[in-house]
Every structure is written in structure tokens, then in C-alpha cells.
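Engineer: need the 3D shape of this:
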Amino acid sequence: MHTTEEDNTSRYPVLDQITDNPFHLWEDHSKDSSLLIVASGILSDEQFYIIYLFLIYFSQIINICAIIANSLSIAVFVKLGFSEPSNISLTALAVCDFTLAVLYTWGNLCFWLTYHNVQLPFHSANVSLLTGGIQWPFLSSTIAWITAFISFERCLCIIVPLKVRRLITPRGTFAAMLIIIVLTFCPSFFTFIRYKFVWVFDPYLNRTILDTIPLNSELAILFEKISIAICGVIQPLLAFAIVLICTVLLVVQLRKISSWRMSVTASKSQRLQPEENPAASSSAAEARISQKEERLVRMVVAIATIFIVSYIPTCIMLLCYVVFDEFTMFGVYRRLSVVSSYIAALGQPISGSVNILIYYKMASKFRSVFRRLVRLDRQEQERHELE
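Structural biologist: Okay, the predicted model is just below:
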């Protein structure tokens, strides 16, 4: 049965409110309209809505989990303090994951309210895009670079263990986090040069609402293209490559350390007991410190591995944007572009939700403070209060 445009509009009330939206997905903005038949065969309007709505509801559940998990992680790191550089970088990572989950939640909520025909005092599609949708690629780049910094820091701990204390300090780590945020996320505000908020009359609601309009200034368009190209594409892909290389190096070094420790343990078993040999006692103490460092390295490897897996869909999506001209919000394959963007965007909240499980499993101090924070261990909580 053939479905007319009027039927689509009646079934999906959100269409009525975004007819004049410059980001409208149901208009043909492509210069090569001959591809439209092929694109419609790949993903029709009906299929697009089913998949899109499923992704909206599923991602909202993931986002809420990420908000809760990262809120708890931030609270635990604050209680642990920031005397250790790793606590500073992990806190920055949790804050960025939390912010990204909030932006995703805001965008999903706006679409959900519009889809259910809830009258809002603003044009949700445009306003939510400008106040959250545009910022998420930049914030994803920030998360990628913080993960790259954490991985690189652990590489230094293994390669130059005697000098790393002087190279990586709490003050230096804090400065590095600020520099990463300034260079990766702050350029997203250049997009506000391209768009501005205006009050317009909406005939559908029969009242004035807040909306956004794009500016056709050549300088504004140039700033937007440069900032998106550098911070939204080049920077995250470069950070992804750094994380991948550092993770491989860490895994190789961990295997070497494990083999070395097994050989040392075997040789020590043939010597005197530690209490009979002071040198052996000193070596045992060094081994305990090395094992503590190894646990931290393993935790970083786990975090980096999850990031790599979750960021692969984003890399594929960015590659499609570069290779296929029509794979945009204005091209023939706009439905596939939106769906793939949502699927790629799921990686970051999932990664942010899983990180707290890694901290709890591999970091004894984090686990102890977390249990006291959520009162899982009442006896430990009471003993801590008495102390």
C-alpha cells in the first residue's frame, strides 16, 4: 500500500513541526537526486522511524546509567583526593563522560517530547541541536585525548619508571587536562558564530517560540568548517591512534614484566628466606611496589581497550563522511547518516558506564571508598567514622 506524505505527517506528528527545519531529513537536499531511489530502497521513512525511535529509547537508558555511574566515580575520586596524578586524569574523564551523557539525554528528551506532540516554548529540533547535538563530537574528542593522556602516562611509568615522578606531577596533570579541554571542546563554541537564537511565530502552535537560524556569513561558515574538521574529525582520530599504540605497548610490557617476575620468583625460591637475607627482603618490597604499579597499568589497559572498541563505530562513521559526499544530514543517505551517528554515539555512554566496574574491580582504594559511599559495608563505615 502506497503511503502519501499526508499519511506520514498524520502518523508522525513530529514531521509537522520540522517542515521548515534546515536539518529536515525528509527533504531532498542532495545535488544528485538520481541516487534518491537507491537510498529509499536501503532505508525507507517507515524503517527509519522504527530504528530511530528504538535508538532513542535504548540510548536514553544507557545515558541514565552513565550519569549515575560517573556521578559515583566523581564522588569517590573527590574523597580519595588528588595527590595522585592518575586520580586527576580519571576524574576529568568521569566529568567529561558525565557531561556527554547529559547532552545526549537532553537531545533525546527534546525529540521524545516533540514526537509525542508536547507543545514546547522552543523549536526542539533546532535548539537541542545547537545546545547539545553540535557539542558532542567535540566532547568525544576531549574524552579521546584524556584517554590518550592516561595511556601515555602509563607507558612512561613502564619505560622510564625512575623519571616519571618528575615528569608526571599532580600540577602538571591538572594543567594537561585544562589544555586538552581548551583545545578540543572549547572550539565547539565557534558554532555559535554560525547560528543564533531568534523568536519566531510558529503557525502550528499559533504562538511565538524560540528557534535558531543559520547565518550565511562566509567567515562564520569558514570557522564552523575548520573547527568541525580539526576538533571533530582529525583530533579524535589522532587520539584514537595514540590510545591504540599505547595500549599495544602496555600489553607487550605487561607480558615482559610477568615473565620477568616469574623468573625472579623461581630463582628466589632456591635462596634463603627473606627474613634470613636483608637483600631479599628489600627485593620483596620492590616486588610489592611493582605489583601495585602493574595493577594500575592493567586497569588503564582495560579502560583503553573498552574505549577502542566503543570508538570503532565513530571512526567508521567519520570515514564514511569523508569518502561519501552524500553521507550527510543533507545528502541522499541522510537517514543512514543519522542512524549511524546514533549507533556511534552509543559507544561513549556505554564506555562511561563500564569504567566504574573496572575501577571497582581493579582499584582496592576505589572499592573501599565506594563501599563506604553507598553503605555496602556498614561495619567499615562505622569504623571509619570512629577513626
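
Engineer: make it CA atoms for all contacts and neighbour counts henceforth
Structural biologist: Noted.

Engineer: contacting residues around the helix or strand hosting residue 357?
Structural biologist: Secondary-structure element containing residue 357, defined by DSSP states H and E: helix 347-362. Contacts of helix 347-362 with the rest of the structure, by C-alpha atoms under 8 Å, 6 or more residues apart in numbering, involve 62-63, 65-67, 69-70, 73, 94, 97-98, 100-101, 140, 295-296, 299, 302-303, 306-307, 310-311, 313, 366-367, 370.

Engineer: buried ones among the residues you listed?
Structural biologist: Neighbour-count burial (16 or more other C-alpha atoms under 10 Å) applied to those gives 62-63, 65-67, 69-70, 73, 94, 97-98, 100-101, 140, 296, 299, 302-303, 306-307, 310-311, 313, 366-367, 370.

Engineer: out of those, which are inside strands?
Structural biologist: Judged by DSSP state E, these include no members of strands.

Engineer: pLDDT weak spots in this structure?
Structural biologist: Screening the chain residue by residue with the criterion pLDDT under 70, one finds the ranges 1-43, 260-261, 264-292, 322, 325-332, 376-387.

Engineer: quick check: the spatially most central residue of it vs residue 102, distance?
Structural biologist: To find the centre residue of the chain, average its C-alpha atoms and take the closest one (C-alpha atoms, centre = their mean): that gives residue 348, at 3.5 Å. The span separating residue 348 from residue 102 equals 12 Å under the rule C-alpha to C-alpha, to the nearest Å.

Engineer: can you map out the helices along the stretch 201-350 of the chain?
Structural biologist: Residue ranges of the helices in the stretch 201-350 of the chain, as given by DSSP state H, counting those that start in this stretch, are 218-227, 235-268, 278-323, 334-345, 347-362.

Engineer: tell me the buried residues in the first one?
Structural biologist: It refers to helix 218-227. 220-221, 223-224, 227.

Engineer: of these, which is the nearest to residue 239?
Structural biologist: Comparing those against residue 239 with C-alpha to C-alpha picks out residue 227 as the nearest, at 16.3 Å.

Engineer: and the closest residue to that closest one other than its chain neighbours, what does it touch?
Structural biologist: Nearest non-adjacent residue to residue 227, counting by C-alpha to C-alpha, 6 or more residues apart in numbering: residue 187, 6.1 Å away. With contacts taken as C-alpha under 8 Å, 6+ apart, residue 187 has the following neighbours: 138, 227, 231.

Engineer: go on, residue 119?
Structural biologist: Shown in contact with residue 119 (C-alpha under 8 Å, 6+ apart): 113, 205.

Engineer: helix, strand, or coil at it?
Structural biologist: Applying DSSP: H, G, I helix; E, B strand; the rest coil to residue 119 yields a three-state assignment of coil.

Engineer: what's the span of stretch 118-135, first residue to last?
Structural biologist: By C-alpha to C-alpha, the extent of stretch 118-135 from end to end equals 25 Å.

Engineer: I appreciate the help and will end here.
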